[in-house]
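S.K.: Predicted model and sequence follow; I will ask about them next.
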Amino acid sequence: MDDARTAQVAAVAALAEPTRRLLYEHVVRRPGAVSRDEAARATEVPRATVAFHLDKLVEEGLLDVVFERRTGRSGPGAGRPAKLYRRAGCDVAVSFPERHYDLAGGLLAAAMEEAQSTGEPPRAVLGRLAFTRGRELGAAARTGAPAAGSPDVALGALERHGFEPRVEGGAVTLANCPFHRLAREHTELVCGMNLRLLEGVLDGAGDARRVARLQPSPGRCCVRLEPADG
C-alpha cells in the first residue's frame, strides 16, 4: 500500500472514534468555520476533549484550520485571532478492492467535450485520450524506477493504480478492475477505454516485451498482458 493510500485509510479510520466523528459532522454541517468553544457547546463535549479531537482531524487531513478575529475589530487591542476549523478542501475516499472512477470519469468527460467541439467520434477521442493518459502514468513510473525500461516498471504503475497485476508464466493477469461498476454496466465502452489506457502504460513505461489484449474473464480485469512475441 503506497503512502497516499495509507494516508486515506488512516483518515477514514480516524472517524471510527465516536466523539471525533460527532465533531467532524458538526463542523462540516456549519456554514462557516467553527471554534473549539462553539463545538464544545453544540456537542456537550468538554473543551479539552474537543480540542484534542479537532486537532487530530486536522492532522489526518479531514479538517483545515483558519484564524479569524470574531470581534470585527483589527489593529492594536483587537485581541488574538481565534483558531477555527472547517472542512478540508481535499477529498478522502477508500475502497476495497481499489477503484478509480475519477480516472474513468475524467477521461469520459474530456472525450465528450472534445468530440462535441471537433466532431470526431466520441469513442475515437476516448481511445486517444486514454492512451495518452496511460502513457503519462507509465512514463511517471519509468522516471521513478531504479532501472528504467525494466518490465517491472509497467507492473509497478499498474499496481499503484489498483489493477493488482499477477504474473502467470509469461503473461500478466490483472486481478482487479479499477472501473468495475462502469465496466459491468457499459462493458464495450469502458473495456475499450481500459485497453487503450493499458497500451499507453506499456508504451510510457518502455515495456516492449508485453502487449495488452482484451480477454474478458469473470472476477478480473478484461485486459491481459501477454508476451509480445506470443
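M.R.: Perfect, thanks for sending it.
S.K.: so residue 171 touches residue 215, yeah?
M.R.: No: checked against C-beta atoms under 8 Å, the pair residue 171 and residue 215 is beyond contact range at 9.3 Å. C-beta here means a position set from N, CA and C on the backbone, and glycine is covered the same way.
S.K.: Need the residues touching each of the two.
M.R.: Common neighbours of residue 171 and residue 215, counting by C-beta atoms under 8 Å, 6 or more residues apart in numbering, are residue 224.
S.K.: how far does the top helix by length along the chain sit from the chain's center?
M.R.: Ranked by residue count under DSSP state H, the longest helix found in the chain is helix 122-144. Centre-to-centre, helix 122-144 and its host chain are 17 Å apart (C-alpha atoms, centre = their mean, to the nearest Å).
S.K.: what's it packed up against?
M.R.: Counting contacts by 3 or more C-beta pairs under 8 Å, 6 or more residues apart in numbering; DSSP states H and E, helix 122-144 is packed against helix 101-118, helix 151-160, helix 187-205.
S.K.: What's the separation between residue 52 and residue 33?
M.R.: 18 Å (C-beta to C-beta, to the nearest Å).
S.K.: Using CSV, write out every CA atom in stretch 7-23.
M.R.: Coordinates of the C-alpha atoms in stretch 7-23 are reproduced here as CSV (Å, rounded to 0.1, in the frame of the first residue of the first chain):
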residue,chain,number,x,y,z
ALA,A,7,-3.0,8.3,4.5
GLN,A,8,-6.5,7.9,3.1
VAL,A,9,-7.1,4.7,5.2
ALA,A,10,-5.8,6.5,8.3
ALA,A,11,-8.1,9.4,7.6
VAL,A,12,-11.2,7.2,7.4
ALA,A,13,-10.1,5.2,10.4
ALA,A,14,-9.9,8.4,12.4
LEU,A,15,-13.7,8.8,12.1
ALA,A,16,-14.2,5.4,13.8
GLU,A,17,-13.9,7.1,17.1
PRO,A,18,-17.5,8.2,18.0
THR,A,19,-16.6,11.6,19.6
ARG,A,20,-14.3,12.5,16.7
ARG,A,21,-17.0,11.6,14.2
LEU,A,22,-19.6,13.7,16.1
LEU,A,23,-17.3,16.7,16.0
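S.K.: Quick check: mean pLDDT of that stretch?
M.R.: Taken as a whole, stretch 7-23 carries a mean pLDDT of 85.
S.K.: Buried residues, that stretch. List them.
M.R.: Neighbour-count burial for stretch 7-23, counted by 16 or more other C-beta atoms under 10 Å, picks out 8, 11, 14-15, 20, 22-23.
S.K.: Got the domain ranges for the protein?
M.R.: Per the record, the chain has its domains at 3-87, 101-227, by automatic domain parsing.
S.K.: hey, which of the ones you listed is tucked in deepest?
M.R.: domain 101-227 (a mean of 18; mean count of other C-beta atoms under 10 Å).
S.K.: how far does it sit from the chain's center?
M.R.: 16 Å.
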